[in-house]
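In: Sequence plus predicted model, see below.
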Amino acid sequence: MRVMHIITNMMGTGGAEVMLLRLASAIGGERPIIVSLMDVSERHRQLIAEHDLDVRPLKVRSTAGMMKSVLTVRQLIRNERPDALMCWLYHAMVVGQVAAWRVAHEVPVYWNVRQSLDDMSSFSASTRTALQLTRLLSSRPTGIVFNSSRALHLHRQFGFRNPNLVTIPNGFDFVEEVPVNARRPLVFGIAGRLHPQKDYATFFAAASHAHRCHPEIRFVAAGSGLTLDSAIVRQMIADAGLPLSAIELRGNVSDMAGFYHDIDALVLSSRTEGFPNVVAEAMSFARPVISTDVGDAAVIVGDSGFIVPPGDVTALADAMDRMQGLRPSEYAVLAAAAKRRVDSVYPLARVAELYDLFLRGTPAPPAASERQSWSV
């Protein structure tokens, strides 16, 4: 099959962009086409060049440009004649679905939902509008993929009406030669762009509480906007009472492997997620995770970390306290369990196979692991 992928934007480092590039590199068939309605970051361009992917940015900069992109995508469908269209994120779903309508070369359209609806108040006005439009159009695509079972459930409650809704989780390459050292975990990391959905205010407050109880622990934050140049970040840290000497703000990081090697445990404080890539990635590097109970985070972590309610500073701080209080041998067992879980449950090759089967309309058996999220 030749698949044309349409995604809203590839300028960030979010899970959708990363998973799309992984999937395009891993799935079989003809060379796929990737259309970014907005643009492509330099970091992604390097990966694109390494894997010889056909990526076409449309450089949309406005609402009017987004509407005009329908015509551009329609012409691309006519010229390239793909076997299937996969639309990633709400804006691209609307554009792709409308563009494919009544095209002479009929092409099945699939949507790929990467977002849960735990907290829609954190969505931008543009995202809320696109979400409402996708609800109205949701009966039209041939099928809809969700990257978490919770996202599927919440979208169905929201009003998505389609008989072919499936859950396929994100997949990950095997990370070799990760030493699991018995030690006391003292360095807590967090990774993600500065956005209300990530709830950094709760993280900084919990970190401050944990640091007051255990002054030896440290924190590392990586992600776009997480620098001292940001007045918002400085204010949140000051409001939390967290000493600047206790936290390292790295901003946008290209070497995520280095980040994972530098921390002992990962923290996710998000108010809403689908399938949080950063959780499984940290686990693949044998780093246990403390996460809020959003999206499928609890399913990913299983028994290899700690889950707390979103927005609960005390619970998040208590989980950090519990993690740093582990004996070195206990930490080593938890770290090994985290890596073993991701390697066995979320291998990229298996996820690519599930996508291929879904696009071909071939049923696939569910995974044997308990509480597994894929259901094709």
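Out: Cool, got the structure.

In: what's the spacing between the worst-scoring helix or strand of the chain on mean pLDDT and its chain's center?
Out: None of the helices or strands of the chain scores lower by mean pLDDT, DSSP states H and E than helix 42-50, at a mean of 84. In terms of C-alpha atoms, centre = their mean, to the nearest Å, the centre of helix 42-50 is set 19 Å apart from its chain centre.

In: Mind listing residues that contact it?
Out: Where contact means C-beta atoms under 8 Å, 6 or more residues apart in numbering, the residues beyond helix 42-50 that reach it are 10, 13, 17, 21, 34, 40, 53, 55, 254. Every residue, glycine included, has its C-beta placed from N, CA and C.

In: If we ignore the residues flanking it in sequence, what's nearest the fourth one?
Out: Looking back up the chat, that one is residue 21. Among residues not flanking residue 21 along the chain, residue 47 sits closest, at 5.4 Å (C-beta to C-beta, 6 or more residues apart in numbering).

In: distance of the one you found from residue 34?
Out: Separation of residue 47 from residue 34 (C-beta to C-beta, to the nearest Å): 11 Å.

In: Common neighbours of those two, please.
Out: Joint contacts of residue 47 and residue 34 (C-beta under 8 Å, 6+ apart) are residue 53.

In: Same drill for these two, tell me which one is more crowded.
Out: residue 34 (24 against 18; other C-beta atoms under 10 Å).

In: what helix or strand is the residue lying closest to residue 137 once chain neighbours are set aside on?
Out: Distances taken as C-beta to C-beta, 6+ apart put residue 97 closest to residue 137, at 5.3 Å, once the chain neighbours are dropped. Secondary structure assignment for residue 97, by DSSP states H and E: helix 90-99.

In: pLDDT averaged over the next helix or strand along the chain from that helix, what's the number?
Out: Downstream of helix 90-99, the next assigned helix or strand under DSSP H and E is strand 109-113. Averaged over strand 109-113, pLDDT sits at 98.

In: swap in stretch 153-169?
Out: On average, stretch 153-169 scores 96.

In: gap between that stretch and the chain center?
Out: 18 Å.

In: And it, what's buried?
Out: By neighbour count with 16 or more other C-beta atoms under 10 Å, stretch 153-169 contains the buried residues 154, 155, 160, 162, 165, 166, 167, 168, 169.

In: on that earlier part again, output the least confident helix or strand of the chain as CSV, restricted to C-alpha atoms.
Out: Extracted in CSV, the C-alpha atoms of helix 42-50 (Å, rounded to 0.1, in the frame of the first residue of the first chain):
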residue,chain,number,x,y,z
GLU,A,42,14.9,21.2,11.6
ARG,A,43,15.1,18.3,14.0
HIS,A,44,12.5,16.4,12.1
ARG,A,45,14.1,17.2,8.8
GLN,A,46,17.2,15.3,9.9
LEU,A,47,15.2,12.2,10.7
ILE,A,48,13.3,12.6,7.4
ALA,A,49,16.6,12.7,5.5
GLU,A,50,18.0,9.7,7.4
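
In: Show me where the protein has its strands.
Out: 3-7, 33-36, 54-57, 84-88, 109-113, 143-146, 165-167, 187-191, 218-222, 247-251, 265-268, 289-292, 306-308 (DSSP state E).
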